[in-house]
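Q: Dropping the sequence and predicted coords here.
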Amino acid sequence: MLRLLISKRELTISEISRELDISTPTVSKNINQLIAEGFAEEAGVSASTGGRRPVLIKFIPDAYYSLGIEFSAERQVRIILTNLDSNI
């Protein structure tokens, strides 16, 4: 689910359900967990053909960062910091 959000950026719960062939309640439960953990957020509403407008779920690439440090035999140090999109 997170991988799909990373690739598509913004989706509704019904779109995620359809793409992954998973029930809507299961998607909702998992999306709520991703929101609670800071990986995703509600990002407004999508267009609707009738009824309630669906909420867009958005991936947050800057939610977490990874830090890498390399020490070489030549006494050099390399440091890298990336977000969840692998942007340096």
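A: Arrived safely, thanks for sending. Numbers count the residues shown, from 1 in each chain.

Q: pretty sure residue 14 belongs to a helix, no?
A: Yes: if the criterion is DSSP: H, G, I helix; E, B strand; the rest coil, then residue 14 is within a helix.

Q: from memory it sits against residue 23, does it?
A: No: counting by C-beta atoms under 8 Å, residue 14 stays clear of residue 23, with 10.9 Å between them. The C-beta positions use only the backbone N, C-alpha and C, and glycine is treated the same way.

Q: In three-state terms, how would residue 3 be classified?
A: helix.

Q: burial measure for it, as a count.
A: 9 (other C-beta atoms under 10 Å).

Q: again, but for residue 1
A: 20.

Q: Could you report the pLDDT at it?
A: Note for residue 1: predicted pLDDT of 88.

Q: From residue 57, how far off is it?
A: Distance, residue 1 to residue 57, using C-beta to C-beta, to the nearest Å: 10 Å.

Q: residues making contact with stretch 23-41?
A: 1-2, 5, 13-14, 16-17, 20, 42, 57-60, 63-64, 84 (C-beta atoms under 8 Å, 6 or more residues apart in numbering).

Q: Would you mind checking these for buried ones?
A: By neighbour count, with 16 or more other C-beta atoms under 10 Å, the contacts of stretch 23-41 hold 1, 5, 13, 16-17, 57-60, 84 as buried.

Q: Output the residues you listed in TSV; the columns should cover distance to residue 30.
A: Listed next are the buried ones among the contacts of stretch 23-41 as TSV, based on distance: C-beta to C-beta, whole Å:
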residue	distance to residue 30
1	5
5	10
13	10
16	9
17	10
57	10
58	15
59	13
60	16
84	17
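
Q: quick one: which two of the residues you listed are the most distant?
A: 17 and 84 (22.8 Å; C-beta to C-beta).

Q: Now residue 77. Nearest residue, chain neighbours left out?
A: Among residues not flanking residue 77 along the chain, residue 71 sits closest, at 5.7 Å (C-beta to C-beta, 6 or more residues apart in numbering).

Q: Perfect, I'm done here.
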